[in-house]
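1. sequence and predicted structure below; questions after.
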Amino acid sequence: MKLRLFLCQLLVMSNSVLWAQSKEITPGENLILDGVPKIPASIVDEVGMYSEFRSAGFSGWHPLKREMLIITRFADIPQVHLVKSPGGARTQLTFFKERVGGVSFQPTRGDYFIFSKDIGGNENFQKYRYDFATGKVTLLTDGVSRNTGGTWSNKGDRIAYQSNRRNGKDVDVYIMNPADPSTDKRVAELSGGGWGVLDWSPDDRKLLLVEGVSVNESYVWELDIATGAQTLITPKDSMEKTAYGTAFYSKDGRGIFLTTDKESEFQRLAFMDLTTRNIKYLTTRISWDVSEISVNRDRSKIAFTTNEDGLSVLRIMDLSNYKEKVFDKLPVGYIGGLEWSYDGKELGMTLNSAKYPSDVYSMKVSNGQLERWTFSETAGLNTETFSEAKLVRWKSFDGRMISGFLFMPPAKFTGKRPVIVDIHGGPEAQSRPLFLGRDNYFLNELGVAIIKPNIRGSTGYGKTFMKLDNGFLREDSYKDIHALFDWIQAQPELDADRIMITGGSYGGHMTLALSTYYPDRIRCAVSLVGMSNLVTFLENTSGYRQDLRRVEYGDERDEKMRAFLLRIAPLNNADKIKKPLFIIQGANDPRVPVSEAEQMLNTLKKNQTPVWYLVAKDEGHGFAKKKNVDFQFYATILFVKEFLLK
């Protein structure tokens, strides 16, 4: 196993040496390029250590021992590793050409774990079992459909998960004993693509399900496993749409704890009595979203985080009296992947900040003491010197205040600095002050400032704000960035004449749209897996996603909405794009089909607009393989130097 790891590392090193010895980088056969110039091999040495950052994510505790599974990358793609002590060796367990995720120990013995893997980023995830005794990997699902989730029963003998194998569009619930794949059985036939399993009842006879209609509307159901009967637990209110984040049963099974924005702008933690359906809100005093929760084994305590202006705050609540303790001495940044240890004395988690990549920690719940389990390599760079994120705000066209995070280059760069505006996806996502990884090169070596805006439609600022870009309001989000351009112009340290816009997924759509709306305000643009026409996107995205996305963007089957979406489509306004554009796409993307990139490329070429085009045949919604990410990075640097900095 160690020999295989060494050979993988040697392959990566030898690729870098070959590039450095030649005059230019030769793209792999998996990459399709159009308009991208030859990339000099010298760029490998120039960017050097910025392409070698690693990170690690917590995946779960062993149920009997103080050991954990993590996800990290040694070679080309993240894999499962075992760590037996804080700071201990990371022993690689899986060796695939594709990324893995959805990892969890068998919860009573820990003699195996299950995980998910797709092919080439197609997101048709399959479930597998890894046996520690033999190192053998067994396929558990059909090898074709999309299978997600994997919630363990209290006895640890079954998992409940979701799959679209029946028709490719609707998501049903299945139960399986992973030790015996032949036990796989569909227990609920459902309608729609937004279903998920949340929890098993204490007696393992029922399941809590969530039905997601949109980011602003969802419902919690109870499923009787034996009969298949489905009972709606949370009411449907025609006057106000309500969202439920997650839920789990109380210790006695007579109630559920859940997160919801019912009667509130934000997701609050609450308790519902299943007999009376009365709700008691437990975190009303916190005017921020409760974003993640984890219950301990005996269901007596929960750990939860709140998202406070993009920063995570950790709390633990005693469910017998609802008293809580705030752990405010943790590093400032993002906390994710919370899970209680088998003995209830520790929490496992992933921590990330602007100065440090993601790493795995445990925290003693008695005193908040942290122990670091992984020390991800930063390629010798002193990340302590990296730029901190500064929260900034600006007024948009309607007087509403919009916020974002500004990263400034080191003081050695004088004069007004060029700016990269990096727009998040979703659109119901949020830019947070996280580690920038490779993007630190633009800050530290090229002197480019980076702004990550949270325009209307972003999560984290209340459900009203999140709805402000829906349907016919789409153009208002474009205006938020136009207002940001004005704000940049007013800052003495920023150069409003040198702005590049970029973003992935919906951020890629924003990039294309802004290139048509405000071409005179930018120098260039980089769109990653962006939608060029919301009508063709909605018609061609995977069937299990269509209805969910129609709630956000509008239903293209409605005559008036279709006309509106066609009118604002970047594809139909491509003649207004005057500045150079770089389009990056994965050929296997199930969310934003490659056709969205192809049609924009063909139109721009007809218009003789400067355009670069990069497609990876073995990637999906964004690049995951290091060799592809590296090539994308080198090409983007070349693009920035040519069109933003000159």
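-> Nice, thanks for sending it over.

2. tell me who's in contact with Arg438.
-> 47, 50-51, 53, 629, 633 (Cβ atoms under 8 Å, 6 or more residues apart in numbering). For glycine as for every other residue, the C-beta is placed from the backbone atoms N, C-alpha and C.

3. nearest to Asn307, out of these: which one, please.
-> Nearest to Asn307, judged by Cβ to Cβ, of the contacts of Arg438 is Phe53 at 24.5 Å.

4. tell me the one of the contacts of Arg438 nearest Lys185?
-> Closest approach between the contacts of Arg438 and Lys185, by Cβ to Cβ: Val629, at 39.7 Å.

5. helix, strand, or coil at that closest one?
-> helix (DSSP: H, G, I helix; E, B strand; the rest coil).

6. please apply the same query to Ala574.
-> Three-state call for Ala574 (three-state DSSP): helix.

7. in the stretch 1-150 of the chain, which spans are helices?
-> In the stretch 1-150 of the chain, the helices defined using DSSP state H, counting those that start in this stretch lie at 2-21, 42-47.

8. select from those the stretch with the lowest mean pLDDT.
-> Lowest mean pLDDT within those: helix 2-21, a mean of 45.

9. quickly note the distance from Val137 to Ser218.
-> Counting by Cβ to Cβ, to the nearest Å, the gap from Val137 to Ser218 is 34 Å.

10. quick one: which of those two has more around it?
-> When Val137 and Ser218 are compared on other Cβ atoms under 10 Å, the one with more neighbours turns out to be Ser218, at 21 against 17.

11. how far away from the center of its chain is the strand or helix carrying the more buried one?
-> Using DSSP states H and E, Ser218 sits in strand 217-224. Its chain's C-alpha centre and that of strand 217-224 lie 24 Å apart, by Cα atoms, centre = their mean, to the nearest Å.

12. cool, and stretch 197-208?
-> So, by Cα atoms, centre = their mean, the centroid of stretch 197-208 is 27 Å from its chain's centroid.

13. what do you get for stretch 590-609?
-> That offset, for stretch 590-609, works out to 25 Å (Cα atoms, centre = their mean).

14. next, the buried residues of that stretch.
-> Buried residues in stretch 590-609, counted by 16 or more other Cβ atoms under 10 Å: 590-601, 603-604, 609.

15. ditto for stretch 613-627
-> Buried, per 16+ other Cβ under 10 Å, within stretch 613-627: 613-616, 618-627.

16. I'd like those as CSV, with secondary structure, pLDDT and distance to Phe113 appended.
-> Below are the buried residues of stretch 613-627 laid out as CSV (DSSP: H, G, I helix; E, B strand; the rest coil; pLDDT from 0 to 100; distance: Cβ to Cβ, whole Å):
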residue, secondary structure, pLDDT, distance to Phe113
Tyr613, strand, 98, 40
Leu614, strand, 98, 36
Val615, strand, 98, 34
Ala616, strand, 98, 29
Asp618, coil, 97, 26
Glu619, coil, 97, 26
Gly620, strand, 97, 24
His621, coil, 96, 25
Gly622, strand, 96, 26
Phe623, coil, 96, 27
Ala624, coil, 95, 21
Lys625, coil, 96, 23
Lys626, helix, 94, 24
Lys627, helix, 96, 27
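
17. and the two most separated of those?
-> Pairwise over the buried residues of stretch 613-627, using Cβ to Cβ, the maximum falls at Tyr613 and Lys626, 21.4 Å.

18. re the thing from before, nearest to Asn296, of the buried residues of stretch 613-627?
-> Taking Cβ to Cβ as the measure, Asn296 lies nearest Ala624 of the buried residues of stretch 613-627, at 33.1 Å.

19. Gly310 versus that closest one, what's the distance?
-> Distance check for Ala624 against Gly310: by Cβ to Cβ, it reads 25 Å.

20. repeat that for Phe472.
-> Phe472 sits 29 Å away from Gly310, going by Cβ to Cβ.

21. between those two, which one's more packed in?
-> The residue with more neighbours, out of Phe472 and Gly310, is Gly310; 22 against 13, by other Cβ under 10 Å.

22. that one contacts Pro433, correct?
-> Yes: using Cβ atoms under 8 Å, Gly310 is in contact with Pro433, at 5.7 Å.

23. need the residues touching each of those two.
-> 391, 405.

24. show the contacting residues for the nearest residue to Phe125 once chain neighbours are set aside.
-> Once flanking residues are discounted, Phe125 sits nearest to Ser116: 4.3 Å by Cβ to Cβ, 6 or more residues apart in numbering. By Cβ under 8 Å, 6+ apart, the contact set of Ser116 is 100-103, 125-128, 147-148, 150.

25. which among these gets closest to Leu338?
-> Closest to Leu338 out of the contacts of Ser116 is Val103 (15.0 Å), distances taken as Cβ to Cβ.

26. for that closest one, give me its contacts.
-> Shown in contact with Val103 (Cβ under 8 Å, 6+ apart): 59-60, 69, 71, 80, 113-116.

27. report the separation between it and Leu69.
-> Distance of Val103 to Leu69, computed by Cβ to Cβ: 5 Å.

28. now do the shared contacts for those two.
-> Common contacts of Val103 and Leu69 (Cβ under 8 Å, 6+ apart): 59-60, 80, 113.

29. just the buried members of those?
-> Taking 16+ other Cβ under 10 Å as the criterion, what is buried in the shared contacts of Val103 and Leu69 is 59-60, 80, 113.

30. tell me the one among those residues nearest to Pro37.
-> Looking across those and measuring by Cβ to Cβ, the closest to Pro37 is Val80, at 38.9 Å.

31. tell me who's in contact with that closest one.
-> So Val80 contacts 59, 69-71, 92-94, 100, 103, 113, 115, 130 (Cβ under 8 Å, 6+ apart).

32. 10 Å instead?
-> 59, 69-72, 91-96, 100-101, 103, 113, 115, 130 (Cβ atoms under 10 Å, 6 or more residues apart in numbering).

33. and the residues you listed, which are buried?
-> 59, 69-72, 92-95, 100, 103, 113, 115, 130.
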